[in-house]
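>>> Here is the input, now give the coordinates:
(2 chains)
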Amino acid sequence: MNNKLIELAKRRGLFWPSFEIYGGMSGFIDFGPIGIKIIDKIEKLWRSHFEKRHDFIFEISTPIVMPEIILKASGHVEHFTDVVLTCSKCGRKYRVDHIIEVEGVEGWSMEEIERYLKEKGMKCPECNGEFEKPYKFNLLMKTNIGPYAGDIGYLRPEAAQGIFINFRRLYELNGKKLPFGVFQIGKVQRNEISPRKGLYRMREFTIIDLEFFYDKENPSCPYIKEIENEKLRILRAENKNNVLELSIRELIRNEIVLTEWLAYFMYLSKEFIRSVGIDYNKQYFLEKAPEERAHYSSQTFDHMVITSDNTPIEVAGFAFRTDYDLRNHSEKSGNQLVAEKVEGGKVIEKFYPYVVEPSFGIERIFLVAIDAAFKEIKNRTILALPKVISPFDAAIATIAAKDELMKVAKEIYKSLKEKSLDVILDTSEYIGKVYARADEIGIPYVITVDYQSLEDKKVTIRDRDTWKQIRVNISELDIIKALIKNEIEFEKAGEIFKN
RNA sequence: GCGACCGUAGUCUAGCGGUAGGAUAUCGGCUUCCCGAGCCGAGGACCCGGGUUCAAAUCCCGGCGGUCGCACCA
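Sure thing, here's the model as predicted:
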């Protein structure tokens, strides 16, 4: 990631490494006042794409700590554990299933693995050295719930399980109708072996998991018709060299995407990621090969974004979880997490709904958004964020730090706040500095009170991207709302202003 | 976890055995001032611990972090 962007982030309060005064700890990031505002707007924008335009998608919130039994049922305790083999000679580490290619090796005890290695005389494939004793590495963060050591808890590695285990209630709340989707936004933890690359691989991060439940015998998505000609860029698992550009119709007809709903959500995701400032041609969906997929998934696409230094970053995942989770939790809990088929007022069948899961990493979306927005023009740094995710709608400045100008600026600040505009007052400095500072954190507009404002009750609005200015009546400043939504052209929003 | 490099004000950086310097940011003063403007003034730093030395930011050892490469990445 761009060093200048990191420096900007620390200097202007977007984010910085956590626990700094005690030396720090990689994999954790603190978000500052400006970073949080951007994150908040990204979440709002996500809601406007996925929640607000559907009446069958709603939000819940469940605990971060989970009793062990839940993550055992979900398969995470078993599958999130890697048995690692270390070569005593060259120090390379391998996952045991990469060395011992025997069905069910994940279930073996450490002793069994050690005996097998000895019997077969297996050595390090790189240097032919002997292996050390195998050991388990679990990516789940472990804790105890209450005072008894036997009550093991884990910090959730995904927000999904909190939704699955509530299926019965959620299904009831939706009037026992399918399909419907439930999401939650929250922190999750994964004990990564060696987190790197700043914001990219974190031990704690914010996820949006959307679990969408539908009847597999009625799998069609009514929105597909509207979007079937829209194209997605796809990288197939069997041919990772060529990005294919395929329409939604082709993806479904050729069974490249196995379910209509998954294709629909992938389309929404493309639009969402575009709205945070990422061009179509910097996005693609990467199909995961069977051995690359999570244990619960029958098909997975990763939504990738190519950053300014040409690195692909996974910002979202689309998994076809089938009935894996509801089935497992039903069997392990003894509760029937099922939907009902009713005919003539009678329940004639109970079944497990199928699940497709769009899952988003907020910090990564934040990362690609600021990366794409970062520009250097004429020795100036500009974070050209889309206006909807800018930390503020506008800054209010004065041409000089004079009391009579400040008074007007404060009145404007107060009245725009009352009109629900997200504004900040920055009146203490030379105007060029205010503009530069506003540019650096991506504020799209700066409203400036000058001496003439005292006479004509007008102020200038300066545009971040063009540096053009218009002059508008103070009483009409809520035109900023229309400007933010791109409902009106900047130069038509007021009189052109020139010095 | 292994290897290489690195850790100095909020930020960027100079110093590499002898008073820790600059830029920028911050604070105060002046400045009728539309793109990091100018002048004056102020405060602010050697990651932690141990060792060598008359003297350590500097050399050595250990720790903690970071960057990159290898490995790992549900």
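>>> Which of the helices or strands spans the residue in the stretch 151-300 of chain A that RNA strand B sits nearest to?
Here the residue of the stretch 151-300 of chain A nearest RNA strand B is residue A:294; by C-beta to the nearest atom of the strand that distance is 3.5 Å. Any C-beta I mention is one placed from the backbone N, CA and C, and that applies to glycine too. Assigned by DSSP states H and E, residue A:294 falls within no helix or strand.
>>> Point out the residues in the stretch 301-450 of chain A that sit beside RNA strand B.
A:379-381, A:399-401, A:428-433, A:435-437, A:440, A:448, A:450 (C-beta under 7 Å from any atom of the strand).
>>> just the buried members of the residues you listed?
Among these, those that count as buried by neighbour count (16 or more other C-beta atoms under 10 Å) are A:381, A:399, A:431, A:435, A:437, A:440, A:448, A:450.
>>> Tell me who's in contact with residue A:141.
Residue A:141 makes contact with A:154-155, A:189-191, A:203, according to C-beta atoms under 8 Å, 6 or more residues apart in numbering.
>>> Lowest pLDDT pick from the residues you listed?
For the contacts of residue A:141, the weakest pLDDT value sits at residue A:191, with 85.
>>> Okay, buried residues for the lengthiest helix in chain A please.
Counting residues, the longest helix found in chain A (DSSP state H) is helix A:33-50. Buried residues in helix A:33-50, counted by 16+ other C-beta under 10 Å: A:34-35, A:37-39, A:41-43, A:45-47, A:49-50.
>>> how about those residues in TSV, adding pLDDT?
Shown next, in TSV, are the buried residues of helix A:33-50 (pLDDT from 0 to 100):
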residue	pLDDT
A:34	96
A:35	95
A:37	96
A:38	97
A:39	96
A:41	97
A:42	97
A:43	97
A:45	97
A:46	97
A:47	97
A:49	96
A:50	97
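>>> and which of those residues is nearest RNA strand B?
Using C-beta to the nearest atom of the strand, the buried residues of helix A:33-50 come closest to RNA strand B at residue A:34, 12.8 Å.
>>> wait, the closest one sits on residue A:391?
Yes: with contact defined as C-beta atoms under 8 Å, residue A:34 reaches residue A:391; the gap is 4.9 Å.
>>> rewinding a little: dihedrals phi and psi, the residue of the stretch 151-300 of chain A closest to RNA strand B?
Dihedral pair for residue A:294: phi -70, psi 160, per degrees, to the nearest 10.
>>> How many residues are close by it?
17 (other C-beta atoms under 10 Å).
>>> Tell me the secondary structure at the residue located most distally from the centre of chain A.
Distance from the centre of chain A peaks at residue A:455, with 48.5 Å (C-alpha atoms, centre = their mean). Here residue A:455 is helix, with the state taken from DSSP: H, G, I helix; E, B strand; the rest coil.
>>> Quick check: it vs RNA strand B, distance?
11 Å (C-beta to the nearest atom of the strand, to the nearest Å).
>>> which residues in the stretch 151-300 of chain A form helices?
With DSSP state H, counting those that start in this stretch as the definition, the stretch 151-300 of chain A shows helices at residue ranges A:160-164, A:167-173, A:224-227, A:248-253, A:260-275.
>>> okay if I get these as CSV plus distance to residue A:238?
Output for the helices of the stretch 151-300 of chain A, formatted as CSV (distance: least, C-beta to C-beta, whole Å):
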stretch, distance to residue A:238
helix A:160-164, 28
helix A:167-173, 34
helix A:224-227, 25
helix A:248-253, 15
helix A:260-275, 19
